[in-house]
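> 3D model of this:
(chains A, B, C and D)
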Protein chains: 2
Amino acid sequence: MFRIGDFSRLCLVPVSALRYYDELGLLKPTRVDSATGYRYYSASQLPRLNRLLALKDMGLSLEQIARLLDDNLTPEQIRGMLKIKQVELQQQLEEGQIRLGRIEAWLEQFEQENNMPDYDVIIKKVAPLRVAEVRGVAPAMDKLGPTLDGLFDEVMGYIARQGAKMVEPSITVYYDQEMCDRDINVGASISYEASTLPDTDRVKTVELPGFDKMASVIHRGSFATLHQAYEAISKWLEANGYRVNGPSRELNLEYERGGDQSKFVTEIQFPVEKA
Amino acid sequence: MFRIGDFSRLCLVPVSALRYYDELGLLKPTRVDSATGYRYYSASQLPRLNRLLALKDMGLSLEQIARLLDDNLTPEQIRGMLKIKQVELQQQLEEGQIRLGRIEAWLEQFEQENNMPDYDVIIKKVAPLRVAEVRGVAPAMDKLGPTLDGLFDEVMGYIARQGAKMVEPSITVYYDQEMCDRDINVGASISYEASTLPDTDRVKTVELPGFDKMASVIHRGSFATLHQAYEAISKWLEANGYRVNGPSRELNLEYERGGDQSKFVTEIQFPVEKA
DNA sequence: ATTGACTCTCAAGCAACTTGAGGGTGTAGG
DNA sequence: CCTACACCCTCAAGTTGCTTGAGAGTCAAT
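Okay, here's the model as predicted:
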């Protein structure tokens, strides 16, 4: 019979942890002096404690361990729990790899510019969104602004005529597979609040698909410098091993036609997959 | 200006998290209505939030992020923080690999025996230990018991004559590089409580070295079945890619000469390194 | 009898939020 | 103008696997 301190030295588990395991019922002392409350452990409890530690080392929670140790589960159930844990662990490892890649890419960029990067790319999941959209083609890059203005006027007018309510933000979708600077296929989309709206020749209601992995970057200021954001996101995607797998979008989070361009906020989104 | 719910939909961060970031001072709303307490955010706060999320994705704590965002650290300091985090992450990944290996080994064993393994191997760190030791050679496996009994008698007698106090448990050290079944080099060691004890011809005070990685397994019951524990630990070490790099030990955690063998508890320890 | 090492039982703290209770706001429809 | 109803607020407590600390009792030796 060992007192808790001696047992702790024996198994190299802190006294506080032993008391905690007692409280959870994971490892009750063989005997507890009812007068003093002192816990007494015996060496024959070490196998159980070791199994506990082994399972903990595999990443199981104490609650799961309790079930493994006490409820007499069938071997099949136990195998199942471990298999699940295995998959979980593998996912965690992959995430860790991704994290590490991110940090490396950041450090690299840091070396180049010797300062914090101006743009931060994050990956998020976006839900599908029902919008009213007008498509059009801008003959050249420098006609893109006016073209879009026209398209958005059409959508906004249409939604207003239907008596529906526009929902921020307005979204530009770039449907070209490759970046080209002439004959750019774009869609001007605005989300609305209404059950169904009839399509017209020009305006269609479509569902912008959702994506599990959407790379996103925020640009603040004039559209004239938007290309910097595009450069940043492209570089990042390459460095982190992602590939674009769908049409990109621009969300006008803060925008007013003819307003102060320095106040504009635009989000650029690229649906991506791991290369 | 967005209310918290709209802003939350925009950036895909839960409302509760936004409130939490406000509380920590990580992302204060642009305006808080002093009458109602309503938080109002603007789109121009998204870059900061995105940087926050990007850093969080790299595994930094919110406290670290706060320092990165607010205290204007030199680029060098920032680089340093990320480098440290990088190393941390790499270590975590390695640990994860090890965990995964453990779980796989367990599952494999499970397939073979179709039940939970009888022995759980754990890796722990043991500190150096000052002991009094007598070395001897057992001519053959079946003489090991009596040989050790004699050696332990010598050590115990010596310690008693010196007026020192024995400290549990008694330890057998196996000094042979390879397992052989004749002429086995063993040491019978017992830790004691005293500043210094003089060496004699037979009894030496030595320091059993500490090891960062000690593979340990607990055997319960007669010494006759101890080989099963050895088999289990050997298999485990092979499956998990460890190599023995020092003399093994047996710790008699529960033992009484001539006592009920079924009550014995013995710990087997192998110092190891990753192969 | 006293010292010093040990033990006990709470309670609180860590990180990064989430959940819920209890109560005030904002606005659209009747 | 009143009433839903969705939204917002604050504050407290829960999550995991313990650790740390306060305040008090216990054990063995001197």
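> Am I right that A:Arg130 falls within a strand?
Yes: under DSSP: H, G, I helix; E, B strand; the rest coil, A:Arg130 falls within a strand.
> got the contact list for it?
Residues in contact with A:Arg130 (C-beta atoms under 8 Å, 6 or more residues apart in numbering or on different chains) are A:Ser191, A:Tyr192, A:Thr205, A:Val206, A:Glu207, A:Leu208. Placement of C-beta: from N, CA and C, glycine included.
> try 6 Å
Listed by C-beta atoms under 6 Å, 6 or more residues apart in numbering or on different chains, the contact partners of A:Arg130 are A:Glu207.
> so how many other residues sit close to A:Gly246?
Using other C-beta atoms under 10 Å in any protein chain shown, A:Gly246 has 16 neighbouring residues.
> Kindly report the residues of chain A close to chain B.
For chain A, the contact set with chain B under C-beta under 6 Å from any C-beta of the partner chain comprises A:12, A:43-44, A:46-47, A:50-51, A:53-54, A:58-59, A:75, A:79, A:82, A:86, A:89, A:93, A:96, A:99-100, A:102-103, A:107, A:110, A:114-115, A:120, A:122, A:124, A:218, A:220, A:253-254, A:265.
> close to DNA strand D, is stretch A:187-202?
No: Stretch A:187-202 stays clear of DNA strand D (C-beta under 7 Å from any atom of the strand), getting no nearer than 11.0 Å.
> That stretch near DNA strand C at all?
No: figure legend: stretch A:187-202 not in contact with DNA strand C (C-beta under 7 Å from any atom of the strand); closest approach 9.9 Å.
> and that stretch, how far apart are its ends?
11 Å (C-alpha to C-alpha, to the nearest Å).
> re the thing from before, Throw together a PyMOL command that grabs the buried residues out of the residues of chain A next to chain B.
Here is the PyMOL command that selects the buried residues among those (16 or more other C-beta atoms under 10 Å in any protein chain shown):
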select buried, chain A and resi 43+44+46+47+50+51+53+54+58+59+79+82+86+89+93+96+99+100+102+103+107+110+120+122+124+218+220+253+254+265
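> Now, the residues of chain A next to chain B that are in strands?
A:Ile122, A:Lys124, A:Ile218, A:Arg220, A:Leu253, A:Glu254, A:Val265 (DSSP state E).
> Let's have the residues you listed in TSV, adding distance to A:Glu231.
Formatted as TSV, those follow (distance: C-beta to C-beta, whole Å):
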residue	distance to A:Glu231
A:Ile122	17
A:Lys124	21
A:Ile218	15
A:Arg220	15
A:Leu253	20
A:Glu254	22
A:Val265	18
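> Out of the residues you listed, flag the one nearest to B:Gly241.
For these, the closest approach to B:Gly241 (C-beta to C-beta) belongs to A:Ile122, at 36.7 Å.
> Quick check: beta-bridge partners of the closest one?
Beta-bridge partners for A:Ile122, by DSSP bridges, are A:Ser216.
> pretty sure it contacts B:Ala54?
Yes: assessed by C-beta atoms under 6 Å, A:Ile122 is found in contact with B:Ala54 at 5.3 Å.
> And the residue of the stretch 51-200 of chain A closest to DNA strand C?
In the stretch 51-200 of chain A, the residue that lies nearest DNA strand C is A:Lys165 (8.5 Å; C-beta to the nearest atom of the strand).
> Helices along the stretch 51-200 of chain A, start to end?
A:62-69, A:75-113, A:144-161 (DSSP state H, counting those that start in this stretch).
> for the ones you listed, which one sits closest to B:Thr172?
That would be helix A:62-69 among the helices of the stretch 51-200 of chain A, by C-beta to C-beta, at 30.2 Å.
> Helix A:75-113 and that closest one, what's the angle between them?
150 degrees (axes from the mean of the first three to the mean of the last three C-alpha atoms, to 10 degrees).
> What is helix A:62-69 packed up against?
If you count contacts as 3 or more C-beta pairs under 6 Å, 6 or more residues apart in numbering or on different chains; DSSP states H and E, helix A:62-69 packs onto no helix or strand.
> who's in contact with that helix?
So helix A:62-69 is contacted by A:Leu26, A:Leu52, A:Leu55 (C-beta under 6 Å, 6+ apart).
> Return the closest of those with respect to B:Val137.
Nearest to B:Val137, judged by C-beta to C-beta, of those is A:Leu52 at 38.6 Å.
> residues in contact with the closest one?
A:Leu52 neighbours (C-beta under 6 Å, 6+ apart): A:Ile65.
> pLDDT averaged over stretch A:268-275 - what is it?
Per-residue pLDDT over stretch A:268-275 has a mean of 91.
> Centre of the chain to that stretch, how far?
Chain-centre distance of stretch A:268-275: 12 Å, with C-alpha atoms, centre = their mean, to the nearest Å.
> got the contact list for it?
Outside stretch A:268-275, the residues that touch it by C-beta under 6 Å, 6+ apart are A:211, A:213-217, A:229, A:241-246, A:248-250.
> picking up where we left off before, including distance to DNA strand D, could the helices of the stretch 51-200 of chain A go into a markdown table?
What follows is the helices of the stretch 51-200 of chain A, written out as a markdown table (distance: least, C-beta to the nearest atom of the strand, whole Å):
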| stretch | distance to DNA strand D |
| --- | --- |
| helix A:62-69 | 4 |
| helix A:75-113 | 12 |
| helix A:144-161 | 20 |
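> Redo these as a markdown table? Include mean pLDDT.
Below are these laid out as a markdown table (pLDDT from 0 to 100):
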| stretch | mean pLDDT |
| --- | --- |
| helix A:62-69 | 89 |
| helix A:75-113 | 87 |
| helix A:144-161 | 89 |
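> Any idea which of those helices gets closest to A:Gly187?
Across the helices of the stretch 51-200 of chain A, A:Gly187 has its closest neighbour in helix A:144-161 (7.8 Å, C-beta to C-beta).
> can you count the residues close to the residue in the stretch 101-250 of chain A that DNA strand D sits nearest to?
Closest to DNA strand D within the stretch 101-250 of chain A is A:Glu193: 11.0 Å, counting by C-beta to the nearest atom of the strand. Counted with other C-beta under 10 Å, residues neighbouring A:Glu193 total 10.
> Check the gap between it and A:Val155 for me.
Separation of A:Glu193 from A:Val155 (C-beta to C-beta, to the nearest Å): 14 Å.
> before we move on, what about A:Ile103?
Applying C-beta to C-beta, the value for A:Ile103 to A:Val155 is 41 Å.
> now A:Ser216
Separation of A:Ser216 from A:Val155 (C-beta to C-beta): 23 Å.
> rewinding a little: mind checking pLDDT for the residue of the stretch 101-250 of chain A closest to DNA strand D?
So A:Glu193 comes in at 78 (pLDDT).
> Ok, the one 5 residues further on next?
Per-residue confidence at A:Pro198 stands at 82 (pLDDT).
> can you count the residues close to it?
For A:Pro198, the number of neighbouring residues by other C-beta under 10 Å comes to 9.
> Check what pLDDT the spatially most distant residue from the centre of chain A gets.
Ranked by distance from the centre of chain A (C-alpha atoms, centre = their mean), the top residue is A:Ala35, with 55.0 Å. Confidence at A:Ala35, expressed as pLDDT, is 90.
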